[in-house]
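Chemist: quick one, fold the following:
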Amino acid sequence: MNEITADPTDNMFLSSAKEAEADFIVTGDNHLLNLINFKGTSILTASRFLEVLKQRIS
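Modeler: Numbers count the residues shown, from 1 in each chain. Presented below is the predicted three-dimensional model:
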């Protein structure tokens, strides 16, 4: 799986998220953030993730 060619080391995070069936990847890495979503896993900044959590709690 080589979704990110500009920084191939980022692909391990995508692979791990897929294996874990993660709902989110929380990151500040622009290569990952540019994907927005990967096979059902949302890729968010920490601040956006907190917003999503607040919405779910309300």
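Chemist: helices of the chain, residue ranges please.
Modeler: In the chain, helices defined by DSSP state H lie at 11-20, 30-33, 46-57, listed in chain order.
Chemist: want to throw these into TSV with distance to residue 3 and mean pLDDT?
Modeler: From N, CA and C alone the C-beta is placed, and that goes for glycine too. Shown next, in TSV, are the helices of the chain (distance: least, Cβ to Cβ, whole Å; pLDDT from 0 to 100):
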stretch	distance to residue 3	mean pLDDT
helix 11-20	6	96
helix 30-33	9	96
helix 46-57	20	97
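Chemist: from these, which stretch is densest packed?
Modeler: Sort those by mean neighbour count, taking mean count of other Cβ atoms under 10 Å, and helix 30-33 sits at the top with a mean of 16.
Chemist: residues making contact with stretch 17-31?
Modeler: When contacts are taken as Cβ atoms under 8 Å, 6 or more residues apart in numbering, the neighbours of stretch 17-31 outside the stretch itself are 1, 4, 6-7, 10, 13-14, 16, 32-33, 38-46, 49, 52.
Chemist: 10 Å instead, please
Modeler: Here stretch 17-31 makes contact (Cβ atoms under 10 Å, 6 or more residues apart in numbering) with 1, 3-11, 13-14, 16, 32-33, 35, 37-50, 52-53.
Chemist: what's the end-to-end length of that stretch?
Modeler: With Cα to Cα, to the nearest Å as the measure, the ends of stretch 17-31 fall 15 Å from one another.
Chemist: okay, now residue 44: neighbour count?
Modeler: 19 (other Cβ atoms under 10 Å).
Chemist: and it, what pLDDT?
Modeler: For residue 44, the pLDDT comes out at 98.
Chemist: what does residue 26 give?
Modeler: 98.
Chemist: separation between the spatially closest residue to it that is not a sequence neighbour and residue 6?
Modeler: Excluding its sequence neighbours, the residue lying closest to residue 26 (Cβ to Cβ, 6 or more residues apart in numbering) is residue 49, at 4.7 Å. Distance check for residue 49 against residue 6: by Cβ to Cβ, to the nearest Å, it reads 23 Å.
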